[in-house]
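S.K.: output the structure for:
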Amino acid sequence: MSRLLAAIGATTLGLLAAIGRLALFVGETLSHLFRPPFYPREFGHALIQIGYFSLPVVGLTALFTGGALALQIYAGGSRFDAQAVVPQIVAIGMVRELGPVLVGLMIAARVTSSIAAEIATMKVTEQIDALVTLSTHPMKYLTLPRVLAATLVMPVLVGIGDIIGIFGGYLVGTERLGFNAAAYLKNTADFLTRLDIISSLVKGAVFGFIAALMGCYYGMQSDRGAMGVGRATKSSVVAAAILILAANFILTEAFFSA
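M.R.: Below you'll find the model as predicted:
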């Protein structure tokens with residue numbers, strides 16, 4: 001019994017210590033937000049890497065998800081003679097939930113892993129130590145531009161993903177399921193509210209912050225050697241995915257609990 005209690009206590013203390021280290025990392029990152037020097041070149045490079053080069057995977061994921069969602073809703077609705085709700089449910093499903101979550105997970109898979117591997121490799125090859133030697137703060141030079149870029153560009157990616165996902169449902173609805181094109185678009189536009197769109201964009205910003213933060217955190221905390229880089233990359237993606245799903249629940253509760 002004492003061994004069980006000791007194991008539970010050690011696990012709990014380890015979890016609390018990890019949460020504390022992450023909280024300190026977040027605080028240190030945000031503390032550099034308004035303090036010079038700034039590195040606009042690094043920020044611009046992060047914007048391109050996170051935003052522009054993520055467009056293909058975001059677009060394809062949203063397109064096929066919207067089309068599959070339309071097929072599923074039509075098939076399910078036919079059991080209750082409710083096939084006409086396909087445009088409305090595709091719109092609300094993509095904008096409120098599937099669009100932000102899928103884009104967030106794709107960014108976690110593509111960007112979080114890339115950031116973690118890059119920073120961990122820099123740590124292994126002592127490039128971070130070189131930055132310190134040159135009086136360049138690693139958090140300001142490596143972490144802040146990536147976190148800020150991801151936070152700002154993710155709402156744009158989510159908005160594009162929402163539009164493409166609704167378009168995928170529109171293509172399937174009009175070409176495969178026989179919906180009238182004008183009526184489909186009208187039902188989609190009439191059903192969406194401003195709160196739906198705002199919640200989607202806010203979720204995108206939060207998910208972008210989480211994805212980039214996890215990549216930087218695990219990259220900075222990685223062990224030396226190839227195994228350390230691999231472990232940091234894997235842990236960053238897992239942590240980002242779990243936190244994105246948890247944050248999605250919290251934000252959904254905050255926006256739509258009433």
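S.K.: starting at the chain centroid, how far to stretch 26-33?
M.R.: Relative to its chain's centre, stretch 26-33 lies at 20 Å (C-alpha atoms, centre = their mean, to the nearest Å).
S.K.: check stretch 163-177 too.
M.R.: 24 Å.
S.K.: next, the buried residues of it.
M.R.: 163, 164, 165, 166, 167, 168, 169, 170, 172, 173, 174, 177 (16 or more other C-beta atoms under 10 Å). Just so you know, the C-beta spots here come from the backbone N, C-alpha and C atoms, and that holds for glycine as well.
S.K.: how about the nearest residue to the second one, chain neighbours excluded?
M.R.: Okay, so that is residue 164. Residue nearest to residue 164 in three dimensions, not counting chain neighbours: residue 62, with 4.2 Å by C-beta to C-beta, 6 or more residues apart in numbering.
S.K.: and the one you found, what does it touch?
M.R.: 94, 99, 102, 103, 160, 161, 162, 164, 165, 168 (C-beta atoms under 8 Å, 6 or more residues apart in numbering).
S.K.: mind checking what secondary structure it has?
M.R.: Here residue 62 is recorded as helix under DSSP: H, G, I helix; E, B strand; the rest coil.
S.K.: pLDDT score for it?
M.R.: With respect to pLDDT, residue 62 scores 93.
S.K.: could you do the one 10 residues further on as well?
M.R.: With respect to pLDDT, residue 72 scores 88.
S.K.: same question for residue 83.
M.R.: 69.
S.K.: low-confidence ranges, the stretch 51-200 of the chain, go.
M.R.: 82-83 (pLDDT under 70).
S.K.: same thing but at 50, please
M.R.: Along the stretch 51-200 of the chain, the model assigns pLDDT under 50 to no residue.
S.K.: what segments of it are helices?
M.R.: 55-77, 86-92, 99-107, 113-124, 127-133, 138, 144-175, 181-191, 194-220 (DSSP state H, counting those that start in this stretch).
S.K.: pLDDT value on residue 17, please?
M.R.: Note on residue 17: pLDDT of 83.
S.K.: against which helices or strands is whichever helix or strand it is part of packed?
M.R.: Per DSSP states H and E, residue 17 falls inside helix 2-31. If you count contacts as 3 or more C-beta pairs under 8 Å, 6 or more residues apart in numbering; DSSP states H and E, helix 2-31 packs onto helix 194-220.
S.K.: list the buried ones in the helix it packs on?
M.R.: So helix 194-220, judged by 16+ other C-beta under 10 Å, has buried residues 196, 199-220.
S.K.: neighbours around residue 33, how many?
M.R.: Per other C-beta atoms under 10 Å, the neighbour tally for residue 33 reads 11.
S.K.: what's the distance between it and residue 144?
M.R.: 7 Å (C-beta to C-beta, to the nearest Å).
S.K.: identify the contacts common to these two.
M.R.: Going by C-beta under 8 Å, 6+ apart, no residue sits against residue 33 while also sitting against residue 144.
S.K.: mind putting the helices of the stretch 51-200 of the chain in CSV, distance to residue 229 included?
M.R.: As requested, those are exported to CSV (distance: least, C-beta to C-beta, whole Å):
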stretch, distance to residue 229
helix 55-77, 23
helix 86-92, 41
helix 99-107, 20
helix 113-124, 4
helix 127-133, 13
helix 138, 16
helix 144-175, 17
helix 181-191, 45
helix 194-220, 9
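S.K.: what's the closest of those to residue 48?
M.R.: Residue 48 lies closest, by C-beta to C-beta, to one member of the helices of the stretch 51-200 of the chain: helix 144-175, at 8.8 Å.
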